[in-house]
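# how would this look folded up:
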Amino acid sequence: YTRLALTGSADAQLMAMTAHVEPAALLLKDAGASLIAFHCTAVSTWSRTLEVGLLHRMHVATRLPVIATSQALTAALRAVGAKKLVLLSPYQEGIAKREQVFMEEHGFDVLENLYLALDSPDQMIAVPPEKWQALVRESDRDDADAVLVSCTAIRAAEAIDACEAMVGKPVVTSNSALIW
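Okay, the predicted model is just below:
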């Protein structure tokens, strides 16, 4: 496990993460990793071009298989048969709308996009699982096939089972999708 520096959610701060993906990936390879993951939803869903470029750079540096959170999310949503989504995130408006476009470009219909407009990873991780559960309950729609709770810097995994029982449909998070 290695971490890229992230100090905030402004576009420049998010893009700064991409500057050092090769050295970080090499640290993981040196530690014996057999798969390298770029695990930031906001950056990996920025655009298809950025996603492909990051994956290519990590693969060229390590010669190992690579994955991004964006790929894990789209694969997980397809695996559960989701086509129509409710999208929840801690993101600021620009990031949330960019992720909606990414999901729509990958064939998903985002019926609702609810975002908290938080400014930093510290604020995002401070949102308790119970708050995500309440947001899932409040934003659920009968016409949605699944709920996507997006962002790797949140604590939503503890609430997945309760959320799915409450709304009767799959609830996918960035962290659960990558593990899955």
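# where's the closest residue to residue 103 other than its chain neighbours, which helix or strand?
Beyond its immediate neighbours in the sequence, the residue positioned closest to residue 103 (CB to CB, 6 or more residues apart in numbering) is residue 110, lying 5.5 Å away. C-beta here means a position set from N, CA and C on the backbone, and glycine is covered the same way. Using DSSP states H and E, the element containing residue 110 is strand 109-115.
# repeat for residue 27
helix 21-30.
# which pLDDT value goes with the residue minimising distance to the centre of the chain?
The residue at the geometric middle of the chain, judged as the C-alpha nearest the mean C-alpha position with CA atoms, centre = their mean, is residue 41 (3.1 Å). If you check residue 41, the pLDDT there is 94.
# what's the separation between it and residue 26?
Distance from residue 41 to residue 26, counting by CB to CB, to the nearest Å: 23 Å.
# same thing with residue 113?
36 Å.
# give me every residue that touches the nearest residue to residue 132 once chain neighbours are set aside.
Distance criterion CB to CB, 6+ apart; nearest residue to residue 132, sequence neighbours excluded, is residue 156 at 4.3 Å. For residue 156, the set of contacting residues under the criterion of CB atoms under 8 Å, 6 or more residues apart in numbering consists of 129, 132, 149, 173, 175.
# and for residue 58?
Neighbours of residue 58 in contact, by CB under 8 Å, 6+ apart: 21-22, 25, 36, 38, 64, 66.
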